[in-house]
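Participant: Would you be able to build a 3D model of this:
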Amino acid sequence: MTSTTQAHQTGARTAHPEHLGHVIFIAAAAAMGGFLFGYDSSVINGAVEAIRDRYDIGSAALAQVIAVALIGCAIGAATAGRIADRIGRIRCMQIAAVLFTISAVGSALPFALWDLAFWRIVGGFAIGMASVIGPAYIAEVAPPAYRGRLGSFQQAAIVVGIAISQLVNWGLLNAAGGNQRGTLMGLEAWQVMLGVMVVPAVLYGMLSFAIPESPRFLLSVGKRERAREILAEVEGKDVDLDARVAEIEHAMTSEHKSTFKDLLGGGFFFKPIVWIGIGLSVFQQFVGINVAFYYSSTLWQSVGVDPTDSFFYSFTTSIINIVGTVIAMIFVDRVGRKPLALIGSIGMAVGLALEAWAFSAHLVDGRLPATQGWVALIAAHLFVLFFALSWGVVVWVMLGEMFPNKIRAAALGVAAAAQWIANWAITASFPSLADWNLSGTYVIYTVFAALSVPFVLKFVKETKGKSLEEMG
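Facilitator: Sure thing, here's the model as predicted:
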């Protein structure tokens, strides 16, 4: 590398755009996909018991309707990259916004259970697309000096989306007199909860028309002049635009397109580093975190909490989730990934064990005894806090950093797919497991939280402060 090129690259890394507010707006608009991701993932929490009642179905069938969206997520995530490379990042966001909108209307007005499941899959496909395209777009548009902070917008948007959906559900339930099947605007309350997602979906679509296409995509289709304009807009006019264009074009031509075949090797099908990535993804889900967001209202009602209070507790849990995420964003570069993961594992194991103990008590008049009730509530918030300040953020950071350059994209795809599958397994199994033994279910989650400690200690290497090139 010549000293001139190094100087250009250093200039790009430290470049500060004149209109930083505009760059923040672009990143925030792209992260609206993350908001929808969080909102859609969690909004179903408010409809679970009403769907069970309206369609008179058992726990196994109910679980499939709740979890089926995750199948759509996996397909959307797997295809989004190729769609975005073909038609552009912005067009991809617009397709996701349209699918979100259609899914919200369809979910609010189902005429049968299979019909509701179908719209859940459509919404899931849009979630999968948004979960991939948002971070990729932000990374390509953000000035290097701000990339880490702007990249964290996606995770922040997800947890805010979860919180807002719980708050809206709580408000709608109160408006319907505490009855999920109460009438609101000519529909049952749970239908309105699912239909409200039209609002952020339409906003996401409108914002996509207000932000520029990725310079990287524009260069890939030969639109060099437009790419230069956007680079000047987001990185500042002081940057040597010709050098930046040349740098991006060189990176694109010299990139190795990793394939599934590159991941094979070692004693058990995949290379060891790929198994570690899969392990991180599976442990992240097998502690049962999504039970807290898909089923928390149902969980509290099953131990005697009235519906309105159960919705409020779901909202307070999601606020704790935001607090924990902010803590992780502050400390992930200071403390390191591995120590944060270990702290989180221990904290989660304690919280889950306390929940398992509390749920083992015999119900009195359909409710937990007062002591166990308070322990269950505090332990649930403790569990979510420790998850959010550790595994919620750390796993995504590590999956982006830990693989060698040659296999990064393909390995990340496999690890992300493992995460969706593990998420589906937990989401689909919880209602049946809870019917079998709620306390025993939480013992299972506790065991996985405890097992994650030796897994991290033995197999996971610290990636803090290392360049991506050092991972090879």
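Participant: I figured residue 452 hits residue 281, correct?
Facilitator: No: with contact defined as Cβ atoms under 8 Å, residue 452 does not reach residue 281; the gap is 11.7 Å. The way it works is simple: take the backbone N, C-alpha and C, and place the C-beta from them, glycine included.
Participant: Neighbour count for these two, which is higher?
Facilitator: Neighbour totals were compared for residue 452 and residue 281, and residue 452 leads with 27 against 23 (other Cβ atoms under 10 Å).
Participant: helix or strand for that one, which one?
Facilitator: Using DSSP states H and E, residue 452 maps to helix 408-459.
Participant: which phi and psi does residue 364 have?
Facilitator: phi -110, psi 120 (degrees, to the nearest 10).
Participant: so where do the helices sit in the stretch 51-200 of the chain?
Facilitator: With helices called from DSSP state H, counting those that start in this stretch, the stretch 51-200 of the chain shows them at 59-87, 89-108, 113-141, 147-151, 153-175, 189-195, 198-208.
Participant: between the ones you listed, which one is nearest to residue 31?
Facilitator: Closest to residue 31 of these is helix 153-175 (Cβ to Cβ; 4.0 Å).
Participant: Return the list of helices and strands in contact with the closest one.
Facilitator: helix 20-43, helix 113-141, helix 189-195, helix 307-331, helix 391-401 (3 or more Cβ pairs under 8 Å, 6 or more residues apart in numbering; DSSP states H and E).
Participant: distance between that helix and the chain's centre?
Facilitator: For helix 153-175, the gap between its own C-alpha mean and the chain's C-alpha mean amounts to 14 Å (Cα atoms, centre = their mean, to the nearest Å).
Participant: follow-up on the earlier one: need the helices and strands packed on helix 153-175 in JSON lines with mean neighbour count and distance to residue 174, can you?
Facilitator: Output for the helices and strands packed on helix 153-175, formatted as JSON lines (neighbours: other Cβ atoms under 10 Å; distance: least, Cβ to Cβ, whole Å):
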{"stretch": "helix 20-43", "mean neighbour count": "23", "distance to residue 174": "16"}
{"stretch": "helix 113-141", "mean neighbour count": "23", "distance to residue 174": "24"}
{"stretch": "helix 189-195", "mean neighbour count": "25", "distance to residue 174": "10"}
{"stretch": "helix 307-331", "mean neighbour count": "20", "distance to residue 174": "6"}
{"stretch": "helix 391-401", "mean neighbour count": "22", "distance to residue 174": "29"}
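Participant: Is it possible to get CSV of those helices that adds mean pLDDT and distance to residue 153?
Facilitator: CSV is the format used below for those (pLDDT from 0 to 100; distance: least, Cβ to Cβ, whole Å):
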stretch, mean pLDDT, distance to residue 153
helix 20-43, 87, 4
helix 113-141, 87, 7
helix 189-195, 93, 26
helix 307-331, 87, 10
helix 391-401, 82, 13
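Participant: mind putting those helices in a markdown table, distance to residue 276 included?
Facilitator: Compiled in a markdown table, those are given as follows (distance: least, Cβ to Cβ, whole Å):
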| stretch | distance to residue 276 |
| --- | --- |
| helix 20-43 | 25 |
| helix 113-141 | 21 |
| helix 189-195 | 38 |
| helix 307-331 | 20 |
| helix 391-401 | 9 |
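Participant: Ok, which of those helices comes nearest residue 88?
Facilitator: helix 113-141 (9.8 Å).
Participant: that older thread, pLDDT of the helix holding residue 452, averaged?
Facilitator: Averaging pLDDT along helix 408-459 yields 89.
Participant: quick one: buried residues of stretch 450-461?
Facilitator: Buried positions in stretch 450-461, judged by neighbour count with 16 or more other Cβ atoms under 10 Å: 450-453, 455-456, 460.
Participant: Quick check: the farthest pair among those residues?
Facilitator: Applying Cβ to Cβ across those, the maximum distance is between 450 and 460, 15.7 Å.
Participant: quick one: low-confidence ranges for the stretch 151-300 of the chain?
Facilitator: For the stretch 151-300 of the chain, the stretches with pLDDT under 70 are 254-258, 266-267.
Participant: Pretty sure residue 169 sits against residue 314.
Facilitator: Yes: between residue 169 and residue 314 there is a contact under Cβ under 8 Å: 7.4 Å.
Participant: Can you work out which residues contact both of those two?
Facilitator: 45-46, 297 (Cβ atoms under 8 Å, 6 or more residues apart in numbering).
Participant: Just give me the closest of those residues to residue 270.
Facilitator: Taking Cβ to Cβ as the measure, residue 45 is the one of the shared contacts of residue 169 and residue 314 closest to residue 270, at 34.8 Å.
Participant: Spit out the contact partners of that closest one.
Facilitator: Residue 45 sits in contact with 165-166, 169, 293-298, 314, where contact means Cβ under 8 Å, 6+ apart.
Participant: hang on, residue 461 is in a strand, isn't it?
Facilitator: No: Residue 461 is assigned coil when assessed by DSSP: H, G, I helix; E, B strand; the rest coil, not a strand.
Participant: thinking again about what came up before, is it possible to get TSV of the contacts of residue 45 that adds distance to residue 194?
Facilitator: Shown next, in TSV, are the contacts of residue 45 (distance: Cβ to Cβ, whole Å):
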residue	distance to residue 194
165	10
166	14
169	10
293	15
294	14
295	16
296	17
297	14
298	16
314	16
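Participant: Looking at the residues you listed, which two lie furthest apart in space?
Facilitator: Greatest spacing in those, by Cβ to Cβ: 165 and 298 (15.3 Å).
Participant: The two: which is more packed in?
Facilitator: It is residue 165, of residue 165 and residue 298, that has more neighbours when counted by other Cβ under 10 Å, with 29 against 23.
Participant: Quick check: that one touching residue 37?
Facilitator: No: with contacts defined as Cβ under 8 Å, residue 165 does not count as touching residue 37, sitting 10.8 Å away.
Participant: Helices of the stretch 251-400 of the chain, start to end?
Facilitator: Applying DSSP H, counting those that start in this stretch to the stretch 251-400 of the chain gives helices spanning 272-286, 289-294, 296-302, 307-331, 337-359, 370-388, 391-401.
Participant: Check which residues of the fifth one are buried.
Facilitator: Read that as helix 337-359. Across helix 337-359, burial judged by 16+ other Cβ under 10 Å covers 337-359.
Participant: If we ignore the residues flanking it in sequence, what's nearest the most centrally placed residue in the chain?
Facilitator: With distances taken as Cα atoms, centre = their mean, the chain has residue 158 as the residue nearest its mean C-alpha position (5.9 Å). Ranked by Cβ to Cβ, 6 or more residues apart in numbering and with sequence neighbours excluded, the top spatial neighbour of residue 158 is residue 38, at 3.9 Å.
Participant: my read: the one you found touches residue 155, true?
Facilitator: No: the pair residue 38 / residue 155 is not scored as a contact, 9.4 Å apart, by Cβ under 8 Å.
Participant: could you say what helices and strands the helix holding residue 452 packs with?
Facilitator: Judged by 3+ Cβ pairs under 8 Å, 6+ apart, helix 408-459 is in contact with helix 59-87, helix 272-286, helix 289-294, helix 296-302, helix 337-359, helix 391-401.
Participant: and residue 223, which of those helices is closest to it?
Facilitator: Closest approach to residue 223 among these is made by helix 59-87 (13.5 Å; Cβ to Cβ).
Participant: Ramachandran coordinates for residue 335?
Facilitator: Torsion angles, degrees, to the nearest 10, at residue 335: phi -80, psi -30.
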